[in-house]
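**Student:** Any chance you could fold what I've pasted below:
(chains A, B and C)
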Amino acid sequence: MEKLPLVLDLSGTFVFALSGALAGTKRKLDLFGVLVLSFAAATAGGIARDVLIGAIPPASVSDWRYLGVSLFAGVITFYCSPLIERMSHSVLLFDAAGLALFAVAGASKALAYGLNPVMAVMLGMVTGIGGGMARDVLLAEIPIVLRAELYAVAALAAAAVVVFGHTLRLPVVPVAAVALILCFSLRVMAIKYGWRLPVAKVTDPRKSKTKRGSGTGPEQS
Amino acid sequence: MEKLPLVLDLSGTFVFALSGALAGTKRKLDLFGVLVLSFAAATAGGIARDVLIGAIPPASVSDWRYLGVSLFAGVITFYCSPLIERMSHSVLLFDAAGLALFAVAGASKALAYGLNPVMAVMLGMVTGIGGGMARDVLLAEIPIVLRAELYAVAALAAAAVVVFGHTLRLPVVPVAAVALILCFSLRVMAIKYGWRLPVAKVTDPRKSKTKRGSGTGPEQS
Amino acid sequence: MEKLPLVLDLSGTFVFALSGALAGTKRKLDLFGVLVLSFAAATAGGIARDVLIGAIPPASVSDWRYLGVSLFAGVITFYCSPLIERMSHSVLLFDAAGLALFAVAGASKALAYGLNPVMAVMLGMVTGIGGGMARDVLLAEIPIVLRAELYAVAALAAAAVVVFGHTLRLPVVPVAAVALILCFSLRVMAIKYGWRLPVAKVTDPRKSKTKRGSGTGPEQS
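**Tutor:** Numbers count the residues shown, from 1 in each chain, chains lettered A, B, ... in the order given. Below you'll find the model as predicted:
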């Protein structure tokens, strides 16, 4: 039971490191940049969680296995990126798996540190989306987390299942499995069918310009 | 007296969450992206302060009211953004109010944790400008904090008033009121009259090009 | 001996603050934005290290000298930036010196806090590259750290020398000197001769377009 967070964490570390490394190779970062990015994507969520709940030093700093796993994933991606990239949607799938694993691991650990249920759900979500946010911020992009199809919602759902199961004292492993499957399939279905949350209606001054036919150009703001 | 930081913090949370959510709706983030951005804008400054002074877990993580307030503000903004946006300069005014509230709350809390006066002023400023910086970094922009009219200066002034009043053992509430008014009006006046701090004279190679008539083009650097 | 990290830290703070301030003046930030950027560039790496090893409050928050040194560097740069900029490659050289100083200081402090050798090397690297990453993220750019010639490798080499020397119980000062010189000269030589780590071969759809002669345009992704 106690090893569940560790196993989930290391698996999530591996897949998020792959996603970080792929994003890095696409941007033509050099080998080391790719490794830094894969480590950042793999550990930023967990580090944020650990700093916020007071688990210092964070697991991924005190335990070399996180570093080892993410460097391994980074090196594989770096030298085999054409192969990995050819698998269609690979980045998105790795990302979805990492999201599920981290959301579950994060919620479990927050509960273990005595946080109240609401904030344990939040920290599960932060653990899930933190790595992807760090990856995108380092690449100077608006995090996909903030735009993508049901991204944070999927993490939130998984964390909520974990916390709900914990509150009802249900057995840990099946609950975690349900949470993982829920998050992963929510995210994959959202990508496949383009499910989205609503976007606010903004009175956009550029829209009226467009009507007047001025082809505008890129967003300036 | 002891509740002052909490009240200031929650008020600042509300207005910064509004500013974060407005920035998110303008960028066409979906509902959840908007909520994440409003929570980030509302709590990043306070979380940075709490992590740095060792108040772990940070108030906005251990206390669900911060989350509740910022989600409330985010949802309002999301569904009424045309209304909120029509109020002119709303983002800037919310921002100015949040800046004042957070700078005062941050300096008070840093003093309560025994930091020396100089660093308490600094942490008040960090609390004030941290949320806006997080908001802008997540939107892949250079933080307005670093460019805008007397932004950080206003936060610094408020924090300095709080620390000064504390050193002289003046009554807390009036001092906080003065600090709030000072910061808010400094910022609003700076926006209205375009007050700015000086910008360094840089020997810009592009300037000479411009003289030779080449129509410049976007900044590259 | 015990003062070594402090001396290295303050020297690194000074040069990184110069590099942050120069980047800020180039971007036409106002005086305060420049000072915030110089403080961020100067202290982000050390703050990250201190938060991660549990040295709370971080040295640069509890000790006003870090603030003083970085404000001093920021003000100098602001008012003399044409002069400072005219020294060729100044930003890169300051950066290289700061990198070396911080990597050595970071690894030393991590060892002093009892981290295992591998993670002490990592934290030395984080201390070295954290400031530059914060500077570039705040300017909404992909950190040079992730692209530049042997940047993180140089920091890693310095940190590894420090940890290696510590493991063999070699005298501290000469080891630190070797590490500093190694990192600085690695980085400077890499800049001069364009040494780079390999970049992954990515099957880039745009490449085939380019072959067909369409002049492409900027990267969109």
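**Student:** the helices in chain A, which residues?
**Tutor:** A:4-26, A:31-53, A:59-62, A:64-86, A:90-112, A:117-138, A:151-167, A:172-193, A:205-211 (DSSP state H).
**Student:** Pipe these into JSON lines and attach mean pLDDT, mean neighbour count and distance to residue C:69 per row.
**Tutor:** C-beta: built from backbone N, CA, C; applies to glycine. JSON lines is the format used below for the helices of chain A (pLDDT from 0 to 100; neighbours: other CB atoms under 10 Å in any protein chain shown; distance: least, CB to CB, whole Å):
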{"stretch": "helix A:4-26", "mean pLDDT": "82", "mean neighbour count": "25", "distance to residue C:69": "34"}
{"stretch": "helix A:31-53", "mean pLDDT": "88", "mean neighbour count": "27", "distance to residue C:69": "26"}
{"stretch": "helix A:59-62", "mean pLDDT": "82", "mean neighbour count": "22", "distance to residue C:69": "27"}
{"stretch": "helix A:64-86", "mean pLDDT": "83", "mean neighbour count": "19", "distance to residue C:69": "32"}
{"stretch": "helix A:90-112", "mean pLDDT": "84", "mean neighbour count": "26", "distance to residue C:69": "38"}
{"stretch": "helix A:117-138", "mean pLDDT": "88", "mean neighbour count": "26", "distance to residue C:69": "27"}
{"stretch": "helix A:151-167", "mean pLDDT": "90", "mean neighbour count": "24", "distance to residue C:69": "40"}
{"stretch": "helix A:172-193", "mean pLDDT": "88", "mean neighbour count": "18", "distance to residue C:69": "47"}
{"stretch": "helix A:205-211", "mean pLDDT": "39", "mean neighbour count": "10", "distance to residue C:69": "46"}
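**Student:** In a markdown table, list these along with distance to chain B.
**Tutor:** Conversion of the helices of chain A to a markdown table gives the following (distance: least, CB to the nearest CB, whole Å):
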| stretch | distance to chain B |
| --- | --- |
| helix A:4-26 | 14 |
| helix A:31-53 | 5 |
| helix A:59-62 | 15 |
| helix A:64-86 | 20 |
| helix A:90-112 | 9 |
| helix A:117-138 | 5 |
| helix A:151-167 | 5 |
| helix A:172-193 | 11 |
| helix A:205-211 | 10 |
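**Student:** quick one: residue A:68 from chain C, how far?
**Tutor:** Look at residue A:68 and chain C: by CB to the nearest CB, to the nearest Å, they are 9 Å apart.
**Student:** Ignore what I typed, I meant residue A:28.
**Tutor:** If you go by CB to the nearest CB, the gap between residue A:28 and chain C works out to 5 Å.
**Student:** For that residue, give me the backbone phi and psi.
**Tutor:** phi 60, psi 30 (degrees, to the nearest 10).
**Student:** Dump the helices of chain A into JSON lines; add distance to residue B:129 as well.
**Tutor:** Listed next are the helices of chain A as JSON lines, based on distance: least, CB to CB, whole Å:
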{"stretch": "helix A:4-26", "distance to residue B:129": "28"}
{"stretch": "helix A:31-53", "distance to residue B:129": "20"}
{"stretch": "helix A:59-62", "distance to residue B:129": "27"}
{"stretch": "helix A:64-86", "distance to residue B:129": "32"}
{"stretch": "helix A:90-112", "distance to residue B:129": "28"}
{"stretch": "helix A:117-138", "distance to residue B:129": "17"}
{"stretch": "helix A:151-167", "distance to residue B:129": "25"}
{"stretch": "helix A:172-193", "distance to residue B:129": "34"}
{"stretch": "helix A:205-211", "distance to residue B:129": "28"}
